[in-house]
Every structure is written in structure tokens, then in C-alpha cells.
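Student: Need a 3D model of the sequence below.
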Amino acid sequence: MADETPPPPPARTAFLLGLGGALVPCVAAVGEWLAFGVQPRGPEVSPAQRVWTRRLLALCVVDTLLALLVAGVLAKSGVEGLSAPGAQAPLRAAPTGRAVVGIQVESVPEGGGARVASVSAGSPAERAGLAEGDVVVRCDGEPMPTREALMACITARTPGATVSLGVRRAGAESALTLETQGAPALPAGTLAEPRWEPLAGAALLVLLAAAGWARARARETVGAVAVLGLAFLAVPPLQLVLSERLPRPWHLLPLALTGLSLLVGAWLVRRVTGSTAPSPWSAAPGWERFLPLALWVHFTGLVRVGVLLSMTLLLLGRTDALVPTPIEGVVASEVRGAVATALFLLVAVVLAPLAEEAFFRGVVLEGLLRWMRPWLAVASTAVVFALMHGGYGLRGLLIFFIGCVLGWARLHSGGLRVPVLVHGAQNLFAAVLMLLMARG
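Tutor: This next block holds a predicted model:
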């Protein structure tokens with residue numbers, strides 16, 4: 001007779017149902033404590049039941065803490081008043097030292113000049129009266145034969161300086177004076193504008209690689225250091241040059257270079273070192289049954305971490321700490337039109353999950369598992385993963401949590417297919433949210 005699969009422990013069912021109370025922690029905490037109180041106990045209880053009972057207890061404590069934070073915020077709002085979430089400023093990227101006026105242009109083969117393809121809302125160009133279809137023929141009195149000449153003329157100035165543009169509209173030429181502003185930062189993950197987080201992440205990975213080589217000759221982590229150096233130090237300057245030379249909206253294509261370098265680098269590490277690290281689409285039998293659980297744990301847990309972070313900052317009166325991320329500013333100012341949106345989604349939802357999982361949960365985690373306990377290897381990989389997403393500030397705690405869930409999914413699904421799909425679902429949700437906020 002074939003062995004029958006034992007039914008799941010009651011505590012497991014209670015835990016998974018309790019995860020669904022992420023948006024109502026006050027109510028969820030009461031129900032979770034009641035469920036914890038009725039769980040069977042005693043020497044006859046199975047080991048699995050004991051494990052899930054402990055997990056249910058941890059969930060009760062977390063949601064109780066969230067409920068207390070929410071109560072504290074509500075009490076504070078009744079005494080002092082809190083600004084409404086909808087009163088936040090529009091998304092804008094942190095400015096860089098490169099001057100812009102808020103236009104996207106393309107060269108005009110006939111007659112020369114640079115035709116305005118789009119004007120960013122609230123930009124110096126919009127305030128000065130520039131409109132889509134205008135042709136810029138002069139910059140500070142100098143003829144502008146191409147788009148590249150106009151961009152060079154504008155970016156040569158410092159943010160805040162004025163520039164005079166000769167504009168041809170409906171056959172007539174007029175002069176407009178604009179005050180430049182700082183350009184939005186490039187997306188997180190590049191070092192065109194240096195940040196301490198990626199440098200700290202690279203330094204941590206170097207230390208882990210040295211320790212791994214000394215203890216277990218873990219070649220994967222050593223190879224990961226070389227790949228990281230290429231992806232986050234050598235690629236960004238090339239991205240910047242290409243993005244300035246390519247016409248809109250194709251200037252977004254260089255964003256794919258970091259992901260491609262991680263993907264190719266992970267493949268090279270596996271080939272050169274003979275590593276058993278999984279490929280980006282590998283999976284063990286039964287992965288499709290584990291995927292819904294991974295998605296459920298990921299999104300319900302992410303809501304809890306987000307509520308915990310935001311409620312703590314509200315209680316401390318530090319909502320200014322949650323500044324817009326670089327990628328939000330790029331979406332708000334650069335991703336316009338169907339082609340640009342499709343390119344952005346292709347990079348964010350398809351390429352980034354494949355590349356980052358192949359590198360972080362494939363190569364890096366595989367090397368750490370050779371000499372670390374699994375939970376410590378997952379957490380260490382998540383720290384590096386969060387640090388390499390520079391510019392997220394306190395939101396890096398969310399990235400760390402995501403990295404932990406993806407590492408857990410990698411270990412329990414037997415491959416990278418589940419982490420890639422969970423990562424893709426997360427990026428799709430975030431990308432759509434950013435696009436809606438940028439348009440709204």
C-alpha cells in the first residue's frame with residue numbers, strides 16, 4: 001500500500017490564515033492568540049506541530065506589536081494631528097550635478113535643430129512655454145544642428161544657471177530663457193552617482209568571499225566578487241554614455257546592461273568553477289505547489305514590514321525619512337509613452353528577476369551554503385542584496401525582507417524558478433504602482 005501524505009498540522013493552517021490579517025493587525029492579533037491557545041500540546045504532538053506552534057506564537061507577537069504601534073499612531077494623531085498620506089509631494093528623484101531643463105528631444109534631419117518630443121510636468125521647459133513639436137535651433141546664440149549638440153550645451157551648465165534657447169514654432173523663431181535644474185539620479189543599482197550602500201555591499205561580499213575561501217574553498221563567492229565589480233563598477237559609466245546618446249525612448253535600453261552582466265556573470269561562474277549553483281529557471285518536482293505559498297508569505301509579510309516601518313516613523317514624527325527612491329524619480333520623469341513603458345517593464349519584471357536571482361540566490365547563496373548554516377547564509381545574502389540597491393534609505397529594510405523570502409524560497413523549492421517568479425511578481429506590482437503614481 002502506498003504511503004499516505006499526513007494531514008498538515010493544525011498550527012500550520014492557523015499560521016497561514018493569520019498571515020492574511022496583515023492589513024488589520026488589531027483584529028488579526030486577537031484571532032491569532034485565540035488560535036494559539038487552542039493548539040494541541042503534549043508529548044504526543046508531532047514535531048511538525050511543535051514547529052508550527054512556535055511560528056504561530058512569533059506571528060502573534062509581531063501582530064501584537066503592530067497593533068500597539070497603530071494604536072500609538074492613532075492616539076498621537078488625536079492629540080497632535082498627522083498629515084494625510086495623500087499630502088505627500090509628487091515623486092521626484094534626488095537631483096544630480098548634471099543640468100537639465102525637462103525635455104526629451106530628437107534630431108531633425110531636415111533643416112537641423114532638435115525637436116521637442118516631450119516636456120516634463122512642472123519642469124523649467126514647461127514653465128518657460130516650450131511645447132511638444134517645437135524645434136530648438138539655438139542655445140545661447142550658437143546654432144544647434146543636432147540633438148547631441150543641444151544636450152551638450154545644456155548639460156555643460158550647473159543646475160540653477162540660465163540658458164537661452166532659440167525655438168522655431170510654426171515657421172517663426174523666438175527666444176526663451178530657462179533656469180536649469182539638477183537631473184534625476186539614475187536607477188538604483190548604478191554608481192554613476194556614488195552611494196555608500198553598494199560600496200558597503202561590495203565590501204561585505206569581499207569579506208564573505210575571503211572567509212568562504214579560507215574555510216571551504218568556496219569558489220562561487222570569489223567569482224561573485226568579480227561579477228559584482230563588473231556589474232556595479234564598470235557598467236554604470238557605459239550606461240550613462242549610452243543613455244545620453246540614444247534617442248528617446250531607446251535611452252532606457254542601457255538599464256538592461258546591469259542585469260545582463262549579472263546573468264552572464266553567473267553563467268560564467270558556474271562554468272569556470274564547476275559550481276553546482278542552479279540555473280535561473282531550475283526547479284525541483286512539486287515547485288508549482290510551493291509557489292502559491294511563497295507568494296502568500298512574501299506579500300503578507302511585506303505588508304507587515306511596511307506597516308511596521310511606516311507606523312514607527314509616524315510615531316517618531318520622522319515621515320520625511322521615507323524619501324522617493326531613484327527609480328521612482330526616473331519613472332516619473334523618463335518613462336513616457338508606450339515604448340518606454342514596455343522597455344521599463346521588460347527590464348524590471350523579466351530581466352531583473354532572472355539576473356538577480358541567478359546571481360544572489362544562485363551564485364552567492366550557493367557559495368555561502370558551503371560553510372554557513374542555511375538561515376545565516378540566507379540572511380547574509382539578503383544583506384548584500386539590500387545594500388546593492390543603493391538609494392533606498394530605510395526602505396532597504398523592505399529589500400532585506402524580500403531577500404530573506406527569496407532565499408527561503410530557493411532552499412525549499414529546490415531551484416530558482418520559484419524565487420524568479422516571486423521576484424517578478426513583486427517587481428510587477430511595484431512597477432505598476434510607480435507608473436500609476438507618476439501619472440496621477
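
Student: How much space separates Phe344 from Leu253?
Tutor: Phe344 sits at a distance of 10 Å from Leu253 (criterion: Cβ to Cβ, to the nearest Å). From N, CA and C alone the C-beta is placed, and that goes for glycine too.

Student: okay, the two: which has more neighbours?
Tutor: Neighbour count, other Cβ atoms under 10 Å: between Phe344 and Leu253, Phe344 has more, with 22 against 15.

Student: Quick check: beta-bridge partners of the closest residue to Arg157 other than its chain neighbours?
Tutor: Distances taken as Cβ to Cβ, 6 or more residues apart in numbering place Ala99 nearest to Arg157, at 4.5 Å, with adjacent residues excluded. As for beta bridges, Ala99 partners with Gly182 under DSSP bridges.

Student: Quick check, Ala99 in contact with Cys153.
Tutor: No: in terms of Cβ atoms under 8 Å, Ala99 does not count as a neighbour of Cys153; the distance is 9.9 Å.

Student: Those two: who's more crowded?
Tutor: Neighbours were tallied for Ala99 and for Cys153 using other Cβ under 10 Å; the higher tally belongs to Ala99 (22 against 19).

Student: so what's that one up against?
Tutor: Ala99 is in contact with 154-159, 161, 180-183, counting by Cβ atoms under 8 Å, 6 or more residues apart in numbering.

Student: which SS class is Pro6?
Tutor: The local conformation at Pro6, judged by DSSP: H, G, I helix; E, B strand; the rest coil, is coil.

Student: Next one: it relative to Leu16, how far apart?
Tutor: Distance, Pro6 to Leu16, by Cβ to Cβ: 17 Å.

Student: neighbour-wise, which of the two wins?
Tutor: Neighbours were counted for Pro6 and for Leu16 using other Cβ under 10 Å; Leu16 has more, 18 against 8.

Student: Point me to the helix or strand that includes the more buried one.
Tutor: Assessed by DSSP states H and E, Leu16 sits inside helix 10-19.

Student: and what of Arg289?
Tutor: Here Arg289 is covered by helix 287-316, with elements defined by DSSP H and E.

Student: Show me what the mean pLDDT comes to for that helix.
Tutor: Taken as a whole, helix 287-316 has an average pLDDT of 91.

Student: quick one, helices of the stretch 51-200 of the chain?
Tutor: Here the stretch 51-200 of the chain has its helices, by DSSP state H, counting those that start in this stretch, at 124-128, 147-155, 196-216.

Student: re earlier: please identify the buried residues of the helix holding Leu16?
Tutor: By neighbour count on 16 or more other Cβ atoms under 10 Å, the buried set for helix 10-19 is 10-12, 14-16, 18-19.

Student: that older thread, by neighbour count, which of the contacts of Ala99 wins?
Tutor: Neighbour-wise, the contacts of Ala99 (other Cβ under 10 Å) top out at Ile154, 24 neighbours.

Student: wait, doesn't that residue sit right on Val101?
Tutor: Yes: between Ile154 and Val101 there is a contact under Cβ under 8 Å: 6.0 Å.

Student: Spell out which residues are contacts of both of these two.
Tutor: Joint contacts of Ile154 and Val101 (Cβ under 8 Å, 6+ apart) are 163, 180.

Student: mind listing what Leu291 touches?
Tutor: 413, 418, 421-422.

Student: Out of the residues you listed, which is nearest to Arg147?
Tutor: Closest approach between the contacts of Leu291 and Arg147, by Cβ to Cβ: Leu421, at 39.9 Å.

Student: Does that closest one belong to a helix, a strand or coil?
Tutor: Leu421 is classified as helix under three-state DSSP.

Student: so how far is His298 from the nearest residue to it once chain neighbours are set aside?
Tutor: If the residues on either side of it in the chain are set aside, Leu421 comes closest to Leu291, at 6.2 Å by Cβ to Cβ, 6+ apart. According to Cβ to Cβ, Leu291 and His298 sit 10 Å apart.

Student: what touches both of the two?
Tutor: Residues touching both Leu291 and His298 (Cβ under 8 Å, 6+ apart) are Val422.

Student: Helix or strand with the lowest mean pLDDT in this structure?
Tutor: strand 95-100 (a mean of 64; mean pLDDT, DSSP states H and E).

Student: would you put the C-alpha positions of stretch 420-438 in CSV?
Tutor: Listed next in CSV are the C-alpha coordinates belonging to stretch 420-438 (Å, rounded to 0.1, in the frame of the first residue of the first chain):
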residue,chain,number,x,y,z
VAL,A,420,12.3,34.3,-10.0
LEU,A,421,8.5,34.2,-10.2
VAL,A,422,8.1,35.7,-6.8
HIS,A,423,10.7,38.4,-7.6
GLY,A,424,8.9,39.1,-10.9
ALA,A,425,5.5,39.4,-9.2
GLN,A,426,7.0,41.8,-6.7
ASN,A,427,8.6,44.0,-9.4
LEU,A,428,5.5,44.0,-11.5
PHE,A,429,3.4,45.2,-8.5
ALA,A,430,6.0,47.9,-7.7
ALA,A,431,6.4,49.0,-11.3
VAL,A,432,2.6,49.3,-11.9
LEU,A,433,2.3,51.3,-8.7
MET,A,434,5.1,53.6,-9.6
LEU,A,435,3.6,54.2,-13.1
LEU,A,436,0.2,54.9,-11.7
MET,A,437,1.6,57.4,-9.1
ALA,A,438,3.8,59.1,-11.7
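
Student: Not counting that stretch itself, show me its contacts.
Tutor: Counting by Cβ under 8 Å, 6+ apart, 91, 280-281, 291, 294-295, 298-299, 302, 327-328, 331-332, 335, 341, 344-345, 348-350, 352-354, 356-357, 402, 405-406, 409 sit against stretch 420-438.

Student: repeat for stretch 138-146
Tutor: Stretch 138-146 has contacts (Cβ under 8 Å, 6+ apart) with 107, 112-114, 136-137, 149-150, 153-154, 163-166, 175.

Student: cutoff 10 Å now
Tutor: Around stretch 138-146, the neighbours that count as contacts under Cβ atoms under 10 Å, 6 or more residues apart in numbering are 105-109, 111-114, 135-137, 149-154, 156-157, 162-168, 173, 175.

Student: Okay then, goodbye and thanks.
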